[in-house]
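[1] Let me see the structure of the following:
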Amino acid sequence: MTSLTFWNPNSVFAGFDDDFFSDPIVPSTLLGTQSTLTDFKTDTMRHSSPRYEVTENKNQFRLAVDVPGVKPDNMKIELENDGHVLHMSGGRKVKTDTSYEEYKFDKRFTLGKDLDTSKITAHLSDGVLVLTAPKKEKLPPTKQEIAIVHGEAPALMAEEEEMKE
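    Residues are numbered from 1 along each chain as shown. Okay, here's the model as predicted:
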């Protein structure tokens, strides 16, 4: 199943960007400098980016990320910036004929304000990490009348007085 989603600036995913696919680190030998990891000359570390798919409906959003070979202990998922940024990082090591290659990923997604991030869940199965979060209940718009008092407005409270109250 393939889903195609057009960009919607009002979507909960409006801040998503795709810098997930970053270039591998240039080996120091190509730059003409001595490696600081001389004991591990045959080991390679690359930044890679798993593919991901974002879907949403009126009740929830879903982020599915391909992370084949990455174990839950080798991943970290955090909410930052008061629950508006989802930060994923992790990696895996792959054995080659003579050494190991280490692949790392680090990505942040900006989430919309209409998600209930306190109820976000993450499930890993068959190399696919699926994060889901329900959308907040939309309350009907409210209308409140504000009474007008005749006379001078009160003075602005000092910060010390605000803390006492």
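
[2] who touches the closest residue to G83 other than its chain neighbours in this structure?
    Using CB to CB, 6 or more residues apart in numbering and skipping residues adjacent in sequence, the residue nearest G83 is T117, 3.8 Å away. The C-beta positions use only the backbone N, C-alpha and C, and glycine is treated the same way. Neighbouring residues of T117 by CB atoms under 8 Å, 6 or more residues apart in numbering: 79, 83-84, 111, 133.

[3] gap between T117 and L111?
    Distance, T117 to L111, by CB to CB, to the nearest Å: 7 Å.

[4] on that earlier part again, which of the contacts of T117 sit farthest apart?
    H84 and A133 (11.8 Å; CB to CB).

[5] any common contacting residues for those two?
    Shared contacts of H84 and A133, counting by CB under 8 Å, 6+ apart, come down to 111, 117.

[6] Those two: which is more packed in?
    The residue with more neighbours, out of H84 and A133, is A133; 24 against 15, by other CB atoms under 10 Å.

[7] so which strand or helix has that one?
    In this assignment (DSSP states H and E), A133 forms part of strand 128-134.

[8] Tell me the strands beside that strand, with direction?
    strand 60-66 (antiparallel), strand 121-125 (antiparallel) (DSSP bridges).

[9] Give the buried residues for the longest one.
    By neighbour count, with 16 or more other CB atoms under 10 Å as the criterion, the buried positions of strand 60-66 are 60-61, 63-65.

[10] May I see the residues you listed organised as JSON lines, with distance to S89 added?
    Shown next, in JSON lines, are the buried residues of strand 60-66 (distance: CB to CB, whole Å):
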{"residue": "Q60", "distance to S89": "24"}
{"residue": "F61", "distance to S89": "20"}
{"residue": "L63", "distance to S89": "15"}
{"residue": "A64", "distance to S89": "17"}
{"residue": "V65", "distance to S89": "12"}
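
[11] now for the residues you listed, which pair is the farthest apart?
    Q60 and V65 (16.3 Å).
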